[in-house]
Each structure stands twice: as structure tokens, then as C-alpha cells.
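Engineer: sequence-free structure coming up:
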């Protein structure tokens, strides 16, 4: 079965991990700081903090933003549940803004209207760069600044993407950007994530919450008369640190990121050219040169999705579906959300299928996907 996503690991990656195993500290050594520095260089952000998952990154980003009980966080419904769960971990309430059917990202018109007419403003807005294409961050930032809302980019799909010619993750228009290094993402550290920011005070908060709430930083200690062994716990933090094994793999992978993204974009172009005559809605072609192409998703216009899904899998094409709208999950329905609340996200989910796309996908493998789609849909 050809999977929808697959990591690419070469001998350089293996050697980097073996080097840590044989010669370095397995955790709290030099590999993670080197990875964080390289992430700053790539994204052009001033600071980066590596953590053990993108979900952890979202959680500590909310904590660093001061999210707590009685606060409200907004995000979009067409994402993985972590984009909303992070607010719930903090005890906050959650609400959603529907998507633009063309971009599949947050709808600016609906965001503007909701901000203008809501009874309670959100403390934080988490925008999701769905499938690898950046949201319109300049326009979103203009709205959040107007209402004094902290803006967090969920860029789990979008490392390697660009917006206005700059790398996603530079935080030009946001307070923080959260990245993911899960095996099917732009690069992998096996499991892992990171938060980038240009605000040193946010970095201090992020670091504190990701590392047990403990600090050894002399300028932050309340008792400055103790020895070098001394540390203080200032917050109820978490053990979200990235190990040096993961950091070494991530650093090695980052050196190949541009190559990976180029392969993804080339395959996205092949799909667009080969599928335009089928009864499907393709991704916005404006994204071809800027998206990280974490996912290539089509929308069926005249076929039963389950039947198409099953037939493609029977042909060895491991299609998938991303995502069940968060507000339709049983947990969130218990909070009062109902089907029909966000119709654009729901309509997209009902017809969407994710096609295989990953850097090492061969020409013959992609041709098999295309031929199988033509067979099933025609």
C-alpha cells in the first residue's frame, strides 16, 4: 500500500543520531541548542525552543500567552484536534471561525464579522496553515492588533512554506509560530516540535513551561546567594524537552528541507496537470510556488467519498482524509458545538480525500495514483 506520507531518512541522518548515542549526552547536550539555532537561521526568527511534539508546542505557547481559566481561544475547525485541545489543557474555552472554501484556511470575512459582533473577545487566535499554505498573516495581524489578541501560527504543516517572500516561522506578523517534526511533516525528528518567536519575554515563558517550570537563570532567581547547583520552580511546568537524539535527527533533516519542499512542489504540479479534467476540485493553484505541500487534497464533486476511498485503497493507493472537523468530535459536542455550526469546514470534510505525496515518491508511484483516480472516477 502506497502511504499518503512517508519520511525520508538517509545515512547522514543515521550517522547524526549514532554520534549522539556514542559520544554525547542523550538529553540536555549540544544537539538541541544547535537545532534551535539552525531553526532561527532558516526561519529568520530571533528565538526558537525545541520541544517533544507540536502538540506540546501549542500547549506551552498558550501558557506563555497567559491563557487560563475563563479565557477564550479561537481557532479553525478543519485541523487536528491539538489546535483546540491546547486551549482546553489550560482550562480555557474554545470557539471556531469557519474556513474560506478556496484557500481552506481561516476566512478573513468571517473572522472580521465575528470579532465585531462577539460578546467576549478571545485572548488568543490560533491560525492553522492548512496543508502547508500560509494564511494571510498581514490581514489577520491587522485585526488581532486592533483587538489586542495574541496571534499564534499553527504551522505544523508549513515549515518550508513562504509568505510574502519570507519563511513561515519568521513571526513577522505573529507572536509565536508552532512547528511539528512528526514523520510525515516537512522534516522529521521522529517526534518533536518547536516554537519560534521574536519576543525574548515570551521565550523565557515558553522555556519555563516546557522545562518543569524550573529555572537556573541567575537573573530570574529569587535567592541569588546560592551555589551553582541551585534552581527554582516558578511555575507548574511540564517535561516537554526534546532529547538530543531527536535534536540531532532534526538538525540533519533541516539541511535537506529545501530539497524536500522542492520535490513536494514538483509532485503537486504533476497532480494539478494530470487531474484537472476529472470531476474534482483541486487546491488553489496560487499555492503551487509558496506552499510546503504537506498534503495534497482533492474534493470530489460527483462521487461517493467512501466508495472512492475504498476503491483506491483496494488498488493499493493509501489515501486518507484530513480532518474530521474538531467541533464534530464527541468531546467538543459535549461542550455544546453541533453539526451545522461551521458549514464550510463540514462541506470540505464531506468531499475531501488526501492523495499520497512525499519527497521520495517515485514517478511510477505517482503515475499509479493518477491512473487509479482516472479508473475510479471515470
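Structural biologist: All right, it came through fine. It should be emphasised that the depicted structure is a prediction, and the values quoted were computed from it without experimental measurement. Numbers count the residues shown, from 1 in each chain.
Engineer: okay, now the unreliable bits of the stretch 151-300 of the chain?
Structural biologist: Applying pLDDT under 70 to the stretch 151-300 of the chain flags no residue at all.
Engineer: quick one: the strands in it?
Structural biologist: 162-163, 166-167, 176-180, 193-197, 214-215, 232-233, 280-281, 296-300 (DSSP state E, counting those that start in this stretch).
Engineer: mind listing the strands the last one pairs with, and their directions?
Structural biologist: This means strand 296-300. strand 280-281 (antiparallel), strand 352-355 (antiparallel) (DSSP bridges).
Engineer: of these, which approaches residue 95 most closely?
Structural biologist: Nearest to residue 95 among the strands paired with strand 296-300 is strand 352-355 (22.9 Å), distances taken as CB to CB. Just so you know, the C-beta spots here come from the backbone N, C-alpha and C atoms, and that holds for glycine as well.
Engineer: after that closest one comes which helix or strand?
Structural biologist: The C-terminal neighbour of strand 352-355 among helices and strands, as given by DSSP states H and E, is helix 363-377.
Engineer: now do the buried residues in that following helix.
Structural biologist: 365, 366, 368, 369, 370, 372, 373, 376, 377 (16 or more other CB atoms under 10 Å).
Engineer: so which of the strands of the stretch 151-300 of the chain comes closest to residue 35?
Structural biologist: strand 193-197 (8.0 Å).
Engineer: contacts for the longest helix seen in the chain, please.
Structural biologist: Taking DSSP state H as the criterion, the chain has its longest helix at helix 257-275. Residues outside helix 257-275 that contact it (CB atoms under 8 Å, 6 or more residues apart in numbering) are 8, 42, 132, 159-161, 186-187, 282-283, 285, 288-289, 291-294, 296, 298, 355, 357-361, 366, 370, 373.
Engineer: just name the most buried of the strands paired with strand 296-300.
Structural biologist: Here the criterion is mean neighbour count by mean count of other CB atoms under 10 Å, and of the strands paired with strand 296-300 the winner is strand 352-355, at a mean of 22.
Engineer: hmm, who's touching that one?
Structural biologist: In contact with strand 352-355 (CB under 8 Å, 6+ apart) are residues 4, 271, 295-300, 305, 308-309, 312, 317, 319-322, 369, 373.
Engineer: residue 142 and residue 136: what is the separation?
Structural biologist: 10 Å (CB to CB, to the nearest Å).
Engineer: neighbour count for those two, which is higher?
Structural biologist: residue 136 (17 against 13; other CB atoms under 10 Å).
Engineer: show me what contacts that one?
Structural biologist: 105, 108.
Engineer: and the pLDDT at it?
Structural biologist: On the pLDDT scale, residue 136 is placed at 98.
Engineer: start the count at 45, not 1, going forward
Structural biologist: From this message on, residue numbering opens at 45, which makes the last subject residue 180.
Engineer: any idea how far residue 306 is from it?
Structural biologist: Counting by CB to CB, the gap from residue 180 to residue 306 is 24 Å.
Engineer: cool, and residue 109?
Structural biologist: Residue 109 is 34 Å from residue 306, by CB to CB.
Engineer: neighbour count winner among those two?
Structural biologist: Just comparing residue 109 and residue 306: by other CB under 10 Å the higher neighbour count belongs to residue 109, 23 against 13.
Engineer: isn't residue 323 right up against residue 345?
Structural biologist: Yes: under the criterion of CB atoms under 8 Å, residue 323 makes contact with residue 345 at 4.5 Å.
Engineer: look through the protein and report the residue furthest from the middle.
Structural biologist: Distance from the C-alpha centroid of the chain peaks at residue 269, with 42.6 Å (CA atoms, centre = their mean).
Engineer: centroid-nearest residue for the chain?
Structural biologist: Central residue of the chain (CA atoms, centre = their mean): residue 200, at 1.4 Å.
Engineer: how about that one, nearest residue that isn't a chain neighbour?
Structural biologist: Leaving aside its sequence neighbours, residue 200 sits nearest to residue 224 (CB to CB, 6 or more residues apart in numbering; 3.6 Å).
Engineer: tally of neighbours for the one you found?
Structural biologist: 29.
Engineer: do the same with residue 335
Structural biologist: 28.
Engineer: list the contacts of it.
Structural biologist: Contacts of residue 335 (CB under 8 Å, 6+ apart): 175, 176, 177, 178, 202, 205, 309, 312, 327.
Engineer: my guess is residue 195 meets residue 166, correct?
Structural biologist: No: applying CB under 8 Å as the test, residue 195 and residue 166 come out as separate, 10.3 Å apart.
Engineer: between the two, which one's more packed in?
Structural biologist: Set side by side, residue 195 and residue 166 show more neighbours around residue 166, with 25 against 21, by other CB under 10 Å.
Engineer: distance check, residue 47 against residue 362.
Structural biologist: 5 Å.
Engineer: which of those two has more residues huddled nearby?
Structural biologist: When neighbours are counted by other CB under 10 Å, residue 362 comes out ahead of the other of residue 47 and residue 362, with 16 against 13.
Engineer: that older thread, can you tell which of the strands of the stretch 195-344 of the chain is closest to residue 375?
Structural biologist: Taking CB to CB, strand 220-224 is the member of the strands of the stretch 195-344 of the chain nearest to residue 375, at 21.2 Å.
Engineer: what strands flank the closest one, and is each parallel or antiparallel?
Structural biologist: When DSSP bridges is applied, strand 220-224 pairs with strand 194-198 (parallel), strand 237-241 (antiparallel).
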